[in-house]
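# sequence below, structure please.
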Amino acid sequence: MPTLSDIKQQLGPLDPATRWTSVFALRQLPSILWQDEVAKKAYVAFEAGSPGLLVATDKRLIFVDKKLFGGTVEDFAYRRIVSVQYSADAMFGKLTVSTAAGDATFERIGRDYIASFARLIQEQVGNAPAA
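Okay, here's the model as predicted:
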């Protein structure tokens, strides 16, 4: 299982919003990631008004809504993702991930990061092995 230090090294420098607002979620990643999973990028995002950490790994997209007490983890295997759409306004971006089970929309991702983050996810979806 990767350590927190391993994960921070894999992710590289985090943008200021992610660094300061995702402390609890970031600390949970070693227990969430699989043994051979590599974290590629992570950003703060909101799903249904709840803040969390949206992490793209080499195997799946993970949303960690971790609070001081409690929280939830959602994951989306790349092979199950049907489409990835994004948009941006003056300050924030929105990412919608569609699967056969429905859509998940993540909002308030930094405008400067949304396009490259969406492309990373799209590449991972395109490289995912068939189900």
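
# helices of the protein, residue ranges please.
Remark: helices assigned in the chain by DSSP state H are 4-11, 16-21, 23-32, 114-127.

# could you tell me the least trusted of those?
If you rank these by mean pLDDT, helix 16-21 sits at the bottom with a mean of 83.

# what residues of it count as buried?
Neighbour-count burial for helix 16-21 flags residue 18 (criterion: 16 or more other C-beta atoms under 10 Å). Where you see a C-beta, it was placed from the backbone N, CA and C, and this is true even at glycine.

# distance between that helix and the chain's centre?
Helix 16-21 sits 14 Å away from the centroid of its parent chain (C-alpha atoms, centre = their mean, to the nearest Å).

# ok, residues contacting it?
Identification of contacts with helix 16-21 by C-beta atoms under 8 Å, 6 or more residues apart in numbering yields 42, 43, 44, 51, 53, 110.

# pretty sure the second one sits against residue 117.
Yes: with contact taken as C-beta atoms under 8 Å, residue 43 and residue 117 are classed as touching, separated by 6.2 Å.

# shared neighbours of the two, which are they?
Shared contacts of residue 43 and residue 117 (C-beta under 8 Å, 6+ apart): residue 109.
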